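Q: only geometry, no sequence info:
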């Protein structure tokens, strides 16, 4: 080798060493550093004292910050807890997320609890096409992230209407194509509301066929099962139907708001758990979500008006109300449904904000005021409007039994009226983990974050880990509280000091920030 080449190699080596030294000398720049905070990483492990740094939309560091760095903002973590943002697998928030008012799109009811991702399209209802819905929320800008399920009721309604009919082979093929398009657009799975019309007119084989399409793309089968009590086929047979769908469609199944509803079914809890855990043993992936309340919320029509009366939709139902030859049959059907749902009309509370005469009053009280039977009161109310109803149909011991199961995660079923929309996660942690000590706080956080992310295959969320998205909650365990009640359900939770969604603050020093940093998520996309 000649001297010129030797000099060139030496010079190159010097330049390389200088470049390495320069890189080492550079300080990493973080947007936020949370210092010396108690971290629950979402995995269910014990907490650790650590530093966490955010850069852009990503968790850039998790550990003990010993190296030199620059931070645009440092947050002191002493006395506070840091956890992954909570993921709500069951909500009814699409209309909120697409509201013209940005205050609605921030979704304060969810984010003030620490929720950073919500699912929509549950109970078989939701927007189609999915791609258009994703584009809409991204264009409008939203508070939390949103994941979509393709709703079987919406698919069926678009092809078959509201009627009690079965699809022809051509119609079923059309429904399959709609589901396939939704899955390629990024839906996380298919949801059913087999308790509601028109989904309750579908036979199991129809659902299996459509679920096979979702399974082909790695999706999940999420369901409001056909019966959660004793209002139809019964909760045990309904549970077996869900498991059968999972087995035959080769798809993971997920029970939304799992419960035992109504006194006629209260003895069935152990049977339901037996069949679920047997299916798990046999290889079916089975999970569930649950809200921590003994009262459910749905429409009064769906709750206590027989399905045959609802055939064809609300307009057809009201026409049947006017047929005197059907009145006795309708009233008898309502009687049976009230008995199965709560046992008493005084455990059914009507919610209709626009009608003070009936709002927050029990069905029995209204019937007494009008000097008619509770069944006639149902017909009188639903002949003109479609209010919601709170059904005090569950037992606390059943709620706790399901809650302790390792396959049950937290989910609000949030919408309007019911306190669960504003406080499911705060009540779950405050009451059941901290006060009753039913399980550890670390376990409660896991069942509100990473378990949900794993179940629905949400990538890089639900865990505090370097390289994951910066969806984070910094909360004060002494102040983190649910502040509402059944009578005053729409009161925000408190105690979250900071909330980051995709690295941007949504809450700062316990106050909402109008950052609108959420985005539409897609299955199988990071």
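A: Cool, the structure landed. Every value quoted in this text rests on a predicted model; they were computed, and no experiment measured them.
Q: Could you use CA atoms for every contact and neighbour count after this?
A: Noted.
Q: Okay, and the spatially closest residue to residue 249 that is not a sequence neighbour sits in which element?
A: Closest residue to residue 249 apart from its sequence neighbours, by CA to CA, 6 or more residues apart in numbering: residue 212 at 4.8 Å. Assigning secondary structure by DSSP states H and E places residue 212 in helix 204-216.
Q: can you list the weak-confidence ranges in the stretch 401-526 of the chain?
A: Applying pLDDT under 70 to the stretch 401-526 of the chain picks out no residues at all.
Q: Strands along that one, start to end?
A: Here the stretch 401-526 of the chain has its strands, by DSSP state E, counting those that start in this stretch, at 408-410, 472-475, 496-501, 504-508, 511-512.
Q: could those be laid out in CSV, adding distance to residue 369 and mean neighbour count?
A: Output for these, formatted as CSV (distance: least, CA to CA, whole Å; neighbours: other CA atoms under 10 Å):
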stretch, distance to residue 369, mean neighbour count
strand 408-410, 39, 27
strand 472-475, 47, 28
strand 496-501, 44, 27
strand 504-508, 46, 22
strand 511-512, 43, 16
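Q: Can you give me the neighbour number for the residue nearest to residue 249?
A: Neighbour count for residue 212, taken as other CA atoms under 10 Å: 24.
Q: you'd agree it is up against residue 246?
A: No - taking CA atoms under 8 Å as the definition, residue 212 is not a contact partner of residue 246, at 9.2 Å.
Q: one step back: buried set for the helix holding residue 212?
A: Neighbour-count burial for helix 204-216 flags 207, 208, 209, 210, 211, 212, 213, 214, 215 (criterion: 16 or more other CA atoms under 10 Å).
Q: Off-centre distance for that helix?
A: 22 Å (CA atoms, centre = their mean, to the nearest Å).
Q: With stretch 469-489 instead?
A: On the basis of CA atoms, centre = their mean, stretch 469-489 sits 16 Å off its chain's mean C-alpha point.
Q: again with stretch 101-111
A: 16 Å.
Q: Quick check: buried residues in it?
A: Buried residues in stretch 101-111 (16+ other CA under 10 Å): 102, 103, 104, 105, 106, 107, 108, 109, 110, 111.
Q: Ends of it, what's the gap?
A: Using CA to CA, to the nearest Å, one end of stretch 101-111 lies 16 Å from the other.
Q: what sits up against it?
A: Outside stretch 101-111, the residues within contact range by CA atoms under 8 Å, 6 or more residues apart in numbering are 96-99, 116, 141-144, 421-423, 490-493, 499, 506-507, 512, 514, 516.
Q: Repeat that for stretch 383-392.
A: Here stretch 383-392 makes contact (CA under 8 Å, 6+ apart) with 294-301, 303, 318, 321, 341-342, 347-352, 418.
Q: switch the cut-off to 7 Å
A: Around stretch 383-392, the neighbours that count as contacts under CA atoms under 7 Å, 6 or more residues apart in numbering are 294-301, 318, 342, 347-352.
Q: Now rank those residues by neighbours and give me the top one.
A: residue 348 (28 neighbours).
Q: hang on, isn't it packed against residue 363?
A: Yes - with contacts counted by CA atoms under 7 Å, residue 348 reaches residue 363, the gap being 5.7 Å.
Q: Show me the common contact partners of the two, please.
A: Counting by CA under 7 Å, 6+ apart, no residue touches both residue 348 and residue 363.
Q: Identify the residues contacting residue 479.
A: By CA under 7 Å, 6+ apart, the contact set of residue 479 is 494, 495.
Q: can you do 10 Å?
A: 430, 493, 494, 495, 496, 497 (CA atoms under 10 Å, 6 or more residues apart in numbering).
Q: Pull up the gap between it and residue 494, please.
A: In terms of CA to CA, residue 479 sits 7 Å off from residue 494.
Q: do residue 295 as well
A: Computed with CA to CA, the distance linking residue 295 and residue 494 is 23 Å.
Q: neighbouring strands for the longest strand seen in the chain, and are they parallel or not?
A: Taking DSSP state E as the criterion, the chain has its longest strand at strand 29-39. According to DSSP bridges, strand 29-39 forms sheet pairs with strand 48-55 (antiparallel), strand 70-76 (parallel), strand 81-84 (parallel).
Q: Buried subset of the contacts of stretch 101-111 as a ChimeraX selection?
A: With 16+ other CA under 10 Å as the criterion, this ChimeraX line picks the buried residues out of those:
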select :96,97,98,99,116,141,142,143,144,421,422,423,490,492,493,499,506,507,512,516
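Q: if you average pLDDT over the helix holding residue 212, what comes out?
A: Predicted confidence along helix 204-216 averages 98 (mean pLDDT).
Q: and the angle from the helix or strand just after it to helix 204-216?
A: Downstream of helix 204-216, the next assigned helix or strand under DSSP H and E is strand 220-224. On the basis of axes from the mean of the first three to the mean of the last three CA atoms, to 10 degrees, strand 220-224 is oriented at 140 degrees to helix 204-216.
Q: tell me the contacts of residue 161?
A: The contact partners of residue 161, by CA under 10 Å, 6+ apart, come to 153, 154, 155, 197, 198, 312, 313.
Q: same thing with residue 249?
A: Residue 249 neighbours (CA under 10 Å, 6+ apart): 205, 207-216, 221, 243.
Q: Also residue 206?
A: By CA under 10 Å, 6+ apart, the contact list for residue 206 reads 166, 167, 172, 175, 176, 245.
Q: Now with 8 Å, please.
A: residue 172.
Q: Please apply the same query to the one 3 residues further on.
A: Listed by CA under 8 Å, 6+ apart, the contact partners of residue 209 are 176, 249.
Q: can you check residue 39 too?
A: The neighbours of residue 39, taking CA under 8 Å, 6+ apart as the test, are 47, 48, 49, 50, 81, 82, 83.
Q: try residue 64
A: Taking CA under 8 Å, 6+ apart, we find residue 64 in contact with 50, 51.
Q: What distance do you get for it to residue 77?
A: Taking CA to CA as the measure, residue 64 falls 13 Å from residue 77.
Q: what does residue 314 give?
A: 54 Å.
Q: so where do the strands sit in the stretch 51-200 of the chain?
A: For the stretch 51-200 of the chain, applying DSSP E, counting those that start in this stretch gives strands covering 58-63, 70-76, 81-84, 86-88, 115-120, 145-148, 150-151, 189-193.
Q: Mind listing what's buried along the longest one?
A: Using 16+ other CA under 10 Å as the burial criterion, the residues of strand 70-76 that qualify are 71, 75.
Q: And for it, what's in contact with it?
A: Counting by CA under 8 Å, 6+ apart, 27, 28, 29, 30, 31, 32, 33, 34, 35, 36, 37 sit against strand 70-76.
Q: Recalculate using a threshold of 7 Å.
A: 27, 28, 29, 30, 31, 32, 33, 34, 35, 36.
Q: From the contacts of residue 161, keep the buried residues only.
A: Neighbour counting with 16+ other CA under 10 Å marks 153, 154, 155, 197, 198, 312, 313 as buried within the contacts of residue 161.
Q: from the residues you listed, which is closest to residue 133?
A: Minimum distance to residue 133 across the buried ones among the contacts of residue 161 is 13.8 Å, recorded for residue 154 (CA to CA).
Q: and the nearest residue to the closest one once chain neighbours are set aside, how many neighbours does it have?
A: Nearest non-adjacent residue to residue 154, counting by CA to CA, 6+ apart: residue 125, 5.4 Å away. When counting by other CA under 10 Å, one arrives at 22 neighbours for residue 125.
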